[in-house]
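Visitor: show me the folded form of this:
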Amino acid sequence: MKIIPTQTSLIKENDDLVQMISDSSELEDGDIVVISSKAVAMSEGELIDLSKVKISDEAKEWTEKLERDNPNPAFRQAILNETDRMHGKVLPSCEHAMLTEIKPDGLPSGTILAANAGLDRSNAPEGFAIGWPKDPISSAKRIRKELSDKTGKNIAVMITDSCCRPRRVGVTAIALTVAGIDPLQSQVGKDDLFGKDLRMTEEATADQLATAANFVMGNADQSIPAVIIRDHKIPITDFEGWVPGIEPEEDLFKGML
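Guide: Numbering: from 1, shown residues only. A predicted model of the protein is given here:
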């Protein structure tokens with residue numbers, strides 16, 4: 001499997017991300033184009049101007065808990081606003097970030113655990129924050145269609161974000177939405193090395209690819225908003241939507257939250 005970086009100039013509000021990707025790469029049939037959610041949101045004009053955010057007492061309380069050295073209650077309010085928009089709640093959090101549990105419109109099952117409801121001040125201009133696209137399903141479908149129309153290639157698109165795992169240091173990544181591949185691959189009914197039937201194993205295909213892509217994209221100043229995954233032997237399908245989650249009561253980590 002090949003993971004090919006797509007380097008671009010700095011993406012600004014309302015830039016043509018599809019054109020930037022197609023100018024920086026030569027797509028082939030079967031390619032999976034993995035794109036940072038922040039790059040998509042930036043190109044769609046979704047920067048949040050923190051100077052225009054109305055601050056609540058709750059935001060001030062979170063600022064006291066988390067940002068005594070460098071307080072920014074407007075950012076905490078933006079997180080609360082985004083959490084509310086995606087039908088979520090703030091869970092007990094560490095000193096570095098607010099852990100939010102959200103259920104965006106269209107998510108078919110489960111919820112998403114995300115630091116700061118997906119918002120970042122990094123990789124955004126001073127005084128602004130950036131998060132996920134407002135409608136990541138529509139974004140993935142649109143980008144797939146526009147790239148396919150422009151190149152004539154049958155491709156898939158994934159929109160991803162970096163994340164943290166329980167009890168592990170550092171960031172990996174998750175796939176938010178996918179257009180063109182099945183995000184999960186069931187192994188149920190297959191034999192293990194000793195001939196025993198697998199009863200519940202599912203490969204988190206999209207999340208695994210997201211993490212591989214994130215390693216190449218990076219989280220600093222690499223200017224690699226997208227990568228192409230090639231020679232992966234994953235079928236192109238008609239799937240378009242959020243990557244399904246698991247209901248909280250069925251989650252392995254339910255006792256921790």
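
Visitor: in the helix or strand hosting Leu176, what counts as buried?
Guide: Leu176 belongs to strand 171-179 when assigned by DSSP states H and E. For strand 171-179, a neighbour-count test (16 or more other C-beta atoms under 10 Å) marks Thr172, Ala173, Ile174, Ala175, Leu176, Thr177, Val178, Ala179 as buried. In short, each C-beta sits where N, CA and C put it, glycine included.

Visitor: cool, and stretch 114-130?
Guide: Buried-residue list, stretch 114-130, by 16+ other C-beta under 10 Å: 114-121, 123-124, 128-130.

Visitor: would you reformat those as JSON lines and include secondary structure, distance to Leu147 and pLDDT?
Guide: As requested, those are exported to JSON lines (DSSP: H, G, I helix; E, B strand; the rest coil; distance: C-beta to C-beta, whole Å; pLDDT from 0 to 100):
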{"residue": "Ala114", "secondary structure": "strand", "distance to Leu147": "27", "pLDDT": "95"}
{"residue": "Ala115", "secondary structure": "strand", "distance to Leu147": "29", "pLDDT": "95"}
{"residue": "Asn116", "secondary structure": "helix", "distance to Leu147": "30", "pLDDT": "96"}
{"residue": "Ala117", "secondary structure": "helix", "distance to Leu147": "28", "pLDDT": "97"}
{"residue": "Gly118", "secondary structure": "helix", "distance to Leu147": "24", "pLDDT": "96"}
{"residue": "Leu119", "secondary structure": "coil", "distance to Leu147": "27", "pLDDT": "97"}
{"residue": "Asp120", "secondary structure": "strand", "distance to Leu147": "25", "pLDDT": "93"}
{"residue": "Arg121", "secondary structure": "coil", "distance to Leu147": "30", "pLDDT": "92"}
{"residue": "Asn123", "secondary structure": "coil", "distance to Leu147": "23", "pLDDT": "85"}
{"residue": "Ala124", "secondary structure": "coil", "distance to Leu147": "25", "pLDDT": "90"}
{"residue": "Phe128", "secondary structure": "strand", "distance to Leu147": "27", "pLDDT": "96"}
{"residue": "Ala129", "secondary structure": "strand", "distance to Leu147": "28", "pLDDT": "96"}
{"residue": "Ile130", "secondary structure": "strand", "distance to Leu147": "22", "pLDDT": "96"}
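
Visitor: quick one: which of those is nearest Phe194?
Guide: Among the buried residues of stretch 114-130, Ala114 lies closest to Phe194 (C-beta to C-beta), at 38.3 Å.

Visitor: next, give me the two most distant ones among the buried residues of stretch 114-130.
Guide: Ala114 and Phe128, at 18.9 Å, using C-beta to C-beta across the buried residues of stretch 114-130.

Visitor: neighbouring contacts of the strand holding Leu176?
Guide: 37, 112, 132, 136-137, 139-141, 143-144, 156-165, 183, 206-207, 209-211, 213-214, 219, 239-243 (C-beta atoms under 8 Å, 6 or more residues apart in numbering).

Visitor: cool, thanks, signing off.
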